[in-house]
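[1] Fold the following, please.
(chains A and B)
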Amino acid sequence: MSLILTESTRPEAVESTEHVPGAAPRRRRFRPRLTVKLVVGVTIVAVIGLFAIFGPMVVQDPSAISDVGLQPPGDGHLLGTTQTGQDVFAQLAYASRGSLTIGVVVGVLTLLLSSLFGIVGAYAGGVTDELFNLFTNIALVIPGLPLVIIISSYVPNKSVWLIAVVLAITGWAGSARVIRGFTLSVRGRDYVLASKVAGERTWRVILVEILPNLLPLLASQFVFATVFAILGEAGLSFLGLGATNSFTWGTMLYYAQNGLALRLGAWWWFVPPGLMLAVFGAALSLINFSIDEAINPKLRSQTRSQRKSWRLSEAQLEDVKEDSL
Amino acid sequence: MTTIELRGVSKEYKVRDGWRGGTTLRAVNDVSLTLEPGRTVALVGQSGSGKSTIAKMLLQLEQPTSGQILLDGKPLSRRRRDRSAYRHQVQMVFQDPFASLNPYHTIEHHLERPVRLHHPELSSDAVRERVLDLLRRVRLDPAEQFAVRRPHELSGGQRQRAAIARALAPEPGILVADEPVSMLDVSIRLGVLNLLGTLQREENLGVLYITHDLATARHFSDEILVMYKGDIVERGPADRVILEPQHEYTRLLAAAAPNPERRLAELSA
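    As a prediction, this is how the structure comes out:
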């Protein structure tokens, strides 16, 4: 055989089994690697987040009407004006704040609901698990859109919180199932049994022994729920079913659509909120991907390229063929 | 001093079989055994013979279907106070040191919790002193440096010693060791077993040593029980069980162990 191991295929130097402890012990918590994906994602989310927090403090009144309607960007209005002369940039700042608030609120609510039903049910087992699971399955198939339409026909003034709660109620079940599955695998592990044998209370076993091991999963479920909520709210608002008197990216698109922005060629009215939605969703997804890679190293692109390099090259394949003939 | 007695204990599991209901699997059948201070009882048997089920019942992770577990002659109650007192007396070393320590927590956390739970009156300094002392007793020295490490920073043998330290933290009278060395490298098995033996003598512990290795069972224990499909088929002093096996399964086990003298005799014949 004329095969030579290349540098990348050589196994790492194996540490001796009974090594003496080093000088400074390293503290290692869950920390995703600083990949390009993560840096780009976090940067975009941070910029949009800062804009949402501080933007509304510096811009003018987003609802103020003036007689300069449908003015293109520039000349006092950074992103032009709407049909009724409202400043699009000011609206965008308030809309970012509204959309992000909904996203975070729904993310937190979803996280609480899904970990309650996912972890507690799976840990308790037996009848509790069956009931929790049944409830999760029912919640999983509750259709969000019709529910909101029904609620909006009963409640004349819908607050942002109501919309957030509705989105959370219709969105938690999927991640509860994911969390339940993982908890089922953790609860039978020896270290959980060992802490029971040590005499730990049930709530402590769940919070201190099981929950930390679910953190990466919970983080990615939170990010996913936030994306889902922002997009869901945008969809509802675009259909006119959103919260009354609120500014979100969805309501901006709704008013742009109503004001015939597309037909009038007022791109500065509908492109900014649409772009914000797309970019923010993409950034959160990038963060989610890097969390996934931290949980499952097989997904890392560098692992993938390394695996590729394990394959034989054309020349090596030829050599092997000749050897075997 | 603590004595634990299993009296006619059985455990049945329901095995689900789709829509047709289930059958029951009798994992442990009418087992009686006594664990006393200073004595080691070995429980030998093949995989699935019910050894670990007995361990789980001893630790109250499972309830026996029938029969009684007596602590110092009194039957166990299921009240929380009594259960915590029981946990004070009976502790366990798990089989797999890679699974029995929580990857998220430091070694100190693993030892500190049982110390705190069983001695709520101790101050933080006293708890830490006790943790370091436990680490030194299982030969994890320098203890200060091992205390702050996480399980993945230790080797298998070091982990198992940390797990033994955790089991000793509540100062139990009875220790259940469920195949404590089967996942370890052959070269460090003897070290861990000798450590267990030394600690047993120091503390006058009653030990239930679960294994499927007859050689270490004989080396390490006073009495051997052989389990086969949920039944105890043979019991007696360690040497007698090994040297004069009565039951067919014990003979099979003894014959399966490598015996150089017999092999050499076969080769020369």
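
[2] Pull the lowest-mean-pLDDT helix or strand in chain B out as CSV, backbone CA atoms only.
    Ranked by mean pLDDT, DSSP states H and E, the weakest helix or strand in chain B is helix B:80-89, scoring a mean of 78. In CSV, the C-alpha atoms belonging to helix B:80-89 read as follows (Å, rounded to 0.1, in the frame of the first residue of the first chain):
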residue,chain,number,x,y,z
ARG,B,80,-39.9,11.9,52.9
ARG,B,81,-38.1,12.3,56.3
ASP,B,82,-37.5,8.5,56.6
ARG,B,83,-36.4,8.3,53.0
SER,B,84,-33.8,11.1,53.6
ALA,B,85,-32.6,9.3,56.7
TYR,B,86,-32.3,6.1,54.6
ARG,B,87,-30.3,7.9,51.9
HIS,B,88,-28.0,8.9,54.7
GLN,B,89,-27.3,5.2,55.3
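
[3] any idea how far that helix is from the chain center?
    Its chain's C-alpha centre and that of helix B:80-89 lie 18 Å apart, by Cα atoms, centre = their mean, to the nearest Å.

[4] Tell me the buried residues in it?
    B:86, B:87, B:88, B:89 (16 or more other Cβ atoms under 10 Å in any protein chain shown). Where C-beta positions appear, they are placed from N, C-alpha and C, glycine not excepted.

[5] what residue lies at the spatial centre of the chain?
    In the absence of a named chain, chain A is used. Note on chain A: the residue nearest the mean C-alpha position is residue A:223, at 2.0 Å, using Cα atoms, centre = their mean.

[6] should've been chain B
    residue B:177 (1.5 Å).

[7] so after whatever helix or strand residue A:175 lives in, what's the next helix or strand?
    Under the criterion of DSSP states H and E, residue A:175 resides in helix A:160-187. Next along the chain after helix A:160-187, taking DSSP H and E as the criterion, comes helix A:190-197.

[8] could you point out which element follows that following helix?
    helix A:202-204.

[9] backbone phi and psi for residue B:179, please?
    When read as degrees, to the nearest 10, the backbone of residue B:179 gives phi 40, psi 60.

[10] What's the per-residue pLDDT of it here?
    At residue B:179, the predicted lDDT confidence score is 86.

[11] right, and it touches residue B:208 too?
    No. Contact criterion Cβ atoms under 8 Å: residue B:179 and residue B:208 do not qualify, at 11.5 Å.

[12] More neighbours: these two, which one.
    residue B:208 (26 against 21; other Cβ atoms under 10 Å in any protein chain shown).

[13] Tally up the residues packed near the residue in the stretch 151-269 of chain B positioned nearest to chain A, please.
    Here the stretch 151-269 of chain B gets closest to chain A at one residue, residue B:155, 4.3 Å apart by Cβ to the nearest Cβ. By other Cβ under 10 Å, 17 other residues sit near residue B:155.

[14] closest to chain A among the buried residues of helix B:80-89?
    residue B:87 (4.1 Å).

[15] List the residues that contact the closest one.
    Residues in contact with residue B:87 (Cβ atoms under 8 Å, 6 or more residues apart in numbering or on different chains) are A:197, A:198, A:199, B:60, B:118, B:170.

[16] secondary structure element for residue A:54?
    Here residue A:54 is assigned to helix A:36-58, by DSSP H and E.

[17] Using CSV, list the CA coordinates for that helix.
    Extracted as CSV, the C-alpha positions of helix A:36-58 are listed here (Å, rounded to 0.1, in the frame of the first residue of the first chain):
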residue,chain,number,x,y,z
VAL,A,36,-18.4,34.0,10.9
LYS,A,37,-22.1,33.0,11.1
LEU,A,38,-22.3,33.9,14.7
VAL,A,39,-20.5,37.2,14.5
VAL,A,40,-22.5,38.4,11.5
GLY,A,41,-25.8,37.3,13.2
VAL,A,42,-25.0,38.9,16.5
THR,A,43,-23.8,42.1,14.9
ILE,A,44,-27.0,42.5,12.8
VAL,A,45,-29.2,41.7,15.8
ALA,A,46,-27.3,44.1,18.0
VAL,A,47,-27.5,47.0,15.4
ILE,A,48,-31.2,46.5,14.9
GLY,A,49,-31.8,46.1,18.6
LEU,A,50,-29.9,49.4,19.4
PHE,A,51,-31.9,51.1,16.6
ALA,A,52,-35.1,49.8,18.2
ILE,A,53,-34.1,51.0,21.7
PHE,A,54,-32.6,54.4,21.0
GLY,A,55,-34.1,55.2,17.5
PRO,A,56,-37.5,56.4,18.8
MET,A,57,-35.8,58.8,21.3
VAL,A,58,-34.2,60.9,18.5
